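Asker: how would this look folded up:
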Amino acid sequence: MKGKIQLFLWASFMILLSACSSGSGDVPEPTPTPTPTPTPVEKKIAISLNCGVSSRVTDANYENGDKIGLYVVNHTASGAGTLQSSGNHINNASFTYNGSAWSSASPVYWKDATTQADFYVYYPYATVSNVANHAFRVKDNQSTAAAYKASEFLYGTAKKLTPTSNAVSITTYHSMSCAVIKLVAGNGFTDKGLANANVALELHGLKTEASINLSTGKVSPAGDAQTIVPLNDNGQYKAIVVPQTVSAEDFIVVKIDGEAYTMPKENFTFVGGKRHTFTVTVSKTNAGLNVNIGSWEEDDVDNGGTAE
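Answerer: Numbers count the residues shown, from 1 in each chain. A predicted model of the protein is given here:
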């Protein structure tokens, strides 16, 4: 009996010793480090444009190859931002028209999917050094279609826009004014005779330089008065004019077969975005010609006068 007890104790001791020996040499396995969840990359939203021209004045469509400039100013928590010459979200990005759509010279994007923004668009595209005082000039000689078109300045804005993958629609408006002169045969003339005569027109006393604020679209005349030669568009004469008030003794000069007749005008105002139509009735008198100015097409003001 005593031997069995000793054997049991010995066996228990050996089991305990084996357990202690085994435990003292084990190194606990390290806790695995969890793999971090990658931060999702926010997809950029490209900006695309759909620009049209207001038909209030003259030409109502853009043409293939036309190029516009785009500024984008982001809103902040305090409200709308202010257009600056630099430091905007997008600074004077160029977009070109291919006859059906606009494309940018390089991709441009919204800031993110939620930040609202204000868009400023102008035509024609140019290098701009000061958005508050962008220099522009209409052509003195607009007798060709190319020179007439080069005298156009268009401007438009779209405010508080929410980011979208759809094209942003912006209507651009004519910043300049347009003078249209129509000749009508009066006493001593026939329509055929007038059509076959050597006729030339000039507008005098008009400033052709302008300062344009691209933040507001305001146009201010600048420089000295010049003479503008309008485009003969199938017997109707038209010219792009910087908005201004003009007073000139020889405001409109009509030359028929080399002989010039002048009509003075006092405090006549050309308004941006409006077409001012002058119907000139040419009549032979003892003193030469009477040139009568008909009423405005837009404001119904009688601007009659006589050229001698």
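
Asker: switch to C-alpha atoms for all contacts and neighbour counts from now on
Answerer: OK.

Asker: Give me the contacts around stretch 64-84.
Answerer: 88-99, 111, 115-126, 131, 160, 215 (Cα atoms under 8 Å, 6 or more residues apart in numbering).

Asker: Just these: which are in strands?
Answerer: Judged by DSSP state E, the subset of those located in strands is 90-97, 117-123, 160.

Asker: confidence score at the nearest residue to Ala260 once chain neighbours are set aside?
Answerer: Counting by Cα to Cα, 6 or more residues apart in numbering, Ala260 lies nearest to Val254, which is 5.6 Å off, once chain neighbours are set aside. Looking at Val254, its pLDDT is 84.

Asker: OK, contacts around Val254?
Answerer: 199-202, 260-262 are the contacts of Val254 under Cα under 8 Å, 6+ apart.

Asker: redo that, cut-off 6 Å
Answerer: Each residue near Val254 by Cα atoms under 6 Å, 6 or more residues apart in numbering is listed here: 201, 260-261.

Asker: mind checking how far it is from Leu203?
Answerer: Separation of Val254 from Leu203 (Cα to Cα, to the nearest Å): 9 Å.

Asker: Could I get the full set of strands for the stretch 151-300 of the chain?
Answerer: 154-161, 168-174, 177-185, 199-212, 219-228, 231-233, 236-241, 244-256, 259-270, 275-285, 288-293 (DSSP state E, counting those that start in this stretch).

Asker: Deepest in the core, which of those is it.
Answerer: Among those, strand 236-241 has the highest mean neighbour count (mean count of other Cα atoms under 10 Å), at a mean of 24.

Asker: which residues touch it?
Answerer: Residues contacting strand 236-241 (Cα under 6 Å, 6+ apart): 176-182, 230-231.

Asker: The same query, at a cut-off of 7 Å, please.
Answerer: With contacts defined as Cα atoms under 7 Å, 6 or more residues apart in numbering, strand 236-241 is touched by 138, 142, 148, 151-152, 176-182, 230-232.

Asker: for stretch 214-224, same thing?
Answerer: Looking at stretch 214-224 with Cα under 7 Å, 6+ apart, the contacting residues turn out to be 83, 131-132, 155, 207, 209-213, 242-244.

Asker: Kindly report the same for stretch 159-174.
Answerer: Contacts of stretch 159-174 (Cα under 7 Å, 6+ apart): 45-54, 57, 110, 113-119, 153-158, 272-273.

Asker: Checking Lys149 next. Helix, strand or coil?
Answerer: Three-state call for Lys149 (DSSP: H, G, I helix; E, B strand; the rest coil): helix.

Asker: what sits against the residue nearest to Ala197 when sequence neighbours are not counted?
Answerer: Distances taken as Cα to Cα, 6+ apart place Asp257 nearest to Ala197, at 6.1 Å, with adjacent residues excluded. By Cα under 7 Å, 6+ apart, the contact list for Asp257 reads 197-199.

Asker: What pLDDT is listed against Asp257?
Answerer: So, for Asp257, pLDDT stands at 89.

Asker: Now it. Its backbone dihedrals?
Answerer: With angles defined as degrees, to the nearest 10, Asp257 shows backbone torsions of phi 50, psi 40.
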